[in-house]
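S.K.: have a look; sequence and predicted model below, questions after that.
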Amino acid sequence: MSRIRQHNQHLILAAASEEFAAKGFDATQTRDIAARAGMPKANLYYYFQSKENLYSRVLLGFVEPLLHASAALRESDDPVAGLQAYIAARIRIAREHPHIAKVFSSELLLGARQLPEECRDLLYAEAQRNVECLRSWIDRGLLAPVDPEHLMLFIWSATRSYTNLGWQIAHITGQQTPQDEDYARAAATITRLVLGGVVPEVGQSPRALMFAT
């Protein structure tokens, strides 16, 4: 791929992410994406052929960071280190890719109707591997015997709230846009809540922890 082509595609995808995040798929016009990208509308069709293809590429661009975050969960055989890394990675995605994250979350809330099949397959396989990782830790007594599927869902919902609840978060924190410090505190808080619920204290069995809670 030529450097010019790569540069133009990057500009278009960045502009499309902002437009889709602000207006949703149906209300977004290709002329507005082109204007934000600073190039003729014909360029959008030259590189992406249609608004649907462009939307799919925006969604696909969010899958790779999610896969990297999931890999962080399984890179350590220590559940504390793995969960810390996973939560931090998912919060980092929200900080570094705010527009794409919002587009992706909105698509999921609508039933993932336009999520490309390639994305579905990758995310399904990755979710299964993550749940099996949690189940292995639970079976080995490294985590309390919680439901691994619902533990994963809790982590997803907690970390995704920073893209879904922008208006509410702004009113709680008093800031329109979360700062790096806010994301760091969010990761620390979610990690503490998760680990406090699933990691046994020294000398306490996972089953005892389950009945204590």
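M.R.: Great, that's in hand.
S.K.: what about the helices in this protein?
M.R.: Secondary structure of the chain (DSSP state H): helices at 3-27, 30-37, 41-48, 51-74, 79-96, 98-109, 117-139, 148-164, 166-173, 180-198, 206-212.
S.K.: just put the ones you listed in TSV and tack on mean pLDDT and mean neighbour count.
M.R.: For the C-beta atoms, the positions are set from N, CA and C on the backbone; glycine is no exception. Formatted as TSV, those follow (pLDDT from 0 to 100; neighbours: other CB atoms under 10 Å):
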stretch	mean pLDDT	mean neighbour count
helix 3-27	92	17
helix 30-37	94	18
helix 41-48	92	16
helix 51-74	90	18
helix 79-96	92	20
helix 98-109	88	20
helix 117-139	92	15
helix 148-164	87	18
helix 166-173	70	12
helix 180-198	90	16
helix 206-212	41	13
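S.K.: show me the chain divided up by domain.
M.R.: Domain assignment for the chain by automatic domain parsing gives 1-49, 56-212.
S.K.: from the chain's centroid, how far away is the last one?
M.R.: Here the centre of domain 56-212 is set off from its chain's centre by 7 Å, with CA atoms, centre = their mean, to the nearest Å.
S.K.: repeat that for the first one.
M.R.: Centre-to-centre, domain 1-49 and its host chain are 22 Å apart (CA atoms, centre = their mean).
S.K.: residue 161 versus residue 187, what's the distance?
M.R.: 12 Å (CB to CB, to the nearest Å).
S.K.: ok, now residue 140?
M.R.: For residue 140, the distance to residue 161 - CB to CB - is 31 Å.
S.K.: just the CA trace of stretch 129-140, in PDB.
M.R.: Written as PDB, here are the backbone C-alpha positions of stretch 129-140 (Å, rounded to 0.1, in the frame of the first residue of the first chain):
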ATOM      1  CA  ARG A 129     -10.800 -18.500  25.400                       C
ATOM      2  CA  ASN A 130     -11.100 -15.800  28.100                       C
ATOM      3  CA  VAL A 131     -13.900 -17.600  29.900                       C
ATOM      4  CA  GLU A 132     -11.900 -20.900  29.700                       C
ATOM      5  CA  CYS A 133      -8.900 -19.000  31.200                       C
ATOM      6  CA  LEU A 134     -11.100 -17.900  34.200                       C
ATOM      7  CA  ARG A 135     -12.700 -21.300  34.500                       C
ATOM      8  CA  SER A 136      -9.200 -22.900  34.700                       C
ATOM      9  CA  TRP A 137      -8.200 -20.500  37.500                       C
ATOM     10  CA  ILE A 138     -11.400 -21.300  39.300                       C
ATOM     11  CA  ASP A 139     -11.000 -25.100  38.900                       C
ATOM     12  CA  ARG A 140      -7.400 -24.900  40.300                       C
END
